[in-house]
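Enquirer: Return a 3D structure for these sequence lines:
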Amino acid sequence: MNNEYMTDSQGRQVPAELVNEIDKLRDQTVRRIAEEAMKMKEVLAEFKQRIRDDIYTFAELSASRYGKTWGGKKGNITLSSFDGAFRLVVAMKDDIVFDERLQIARDIIGDCIKKWSGGARSEIRVLVNDAFQVDKVGKINTARVLGLRRLEIHDPDWQEAMRAITESIQVSGSKQYLRFYKRDENGEYHQIPLDVAAL
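Expert: The predicted structure follows:
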């Protein structure tokens, strides 16, 4: 933005003298706060990298005391301060997706429900329908689908559907989560929030 023109949301150059003062003030306010947020993002990214390096350096040092090398960057780590007041957790979470066999499992389950007809409890029908619902971005809820495998149903077709679900599981990637906890006076741990919305 130069002093003579301001760019609007459609990319048009509008003479600054034609822009309402409150619109100019809003623009300045938003830009100032957004620039601060971008700087804070960089600070947090550097903080995350530094503490991750510190934690793994410590894990390597600890392993070396036993004549081993640390090879667990894929694994989870929990470290506590000596007095137990603070706890650091490094957690790995796999991103799970399902291949075409999930649709096959769904079809088999549908056949099971038809076969059982009146004998199928409505709760099972609700569980199945709920498990295969997609969210707003078209993703299936992994936990709900995998939860079907815990149902004690001994029908061979159902068991085949559960096998298809199990075999359809694909790990598309992994994410690492760093969490920090502080123990309160009652001995309970509470996460130290680094999310602006949680503060």
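Enquirer: which phi and psi does residue 10 have?
Expert: Per-residue torsions, residue 10: phi -100, psi 10 (degrees, to the nearest 10).
Enquirer: mind checking how far it is from residue 70?
Expert: Residue 10 is 54 Å from residue 70, where distance means Cβ to Cβ, to the nearest Å. Placement of C-beta: from N, CA and C, glycine included.
Enquirer: out of these two, which sits in the busier spot?
Expert: Counted by other Cβ atoms under 10 Å, residue 10 and residue 70 do not tie: residue 70 has more neighbours, with 16 against 6.
Enquirer: so what's the nearest residue to residue 160 once chain neighbours are set aside up against?
Expert: Leaving aside its sequence neighbours, residue 160 sits nearest to residue 108 (Cβ to Cβ, 6 or more residues apart in numbering; 5.9 Å). With contact taken as Cβ atoms under 8 Å, 6 or more residues apart in numbering, residue 108 is in contact with 157, 158, 160, 161, 164.
Enquirer: What is the helix or strand containing residue 144 packed up against?
Expert: Using DSSP states H and E, residue 144 falls within helix 142-147. In terms of contacts (3 or more Cβ pairs under 8 Å, 6 or more residues apart in numbering; DSSP states H and E), helix 142-147 is packed against strand 86-98, helix 122-131.
Enquirer: just those: most buried one?
Expert: Ranked by mean neighbour count, the helices and strands packed on helix 142-147 are led by strand 86-98 with a mean of 15 (mean count of other Cβ atoms under 10 Å).
Enquirer: Tell me the helix or strand right after that one.
Expert: Of the helices and strands lying after strand 86-98 in sequence (DSSP H and E), the nearest is helix 101-116.
Enquirer: now that next one, how far from the centre of its chain.
Expert: When C-alpha coordinates are averaged (Cα atoms, centre = their mean, to the nearest Å), helix 101-116 and its chain have centres 29 Å apart.
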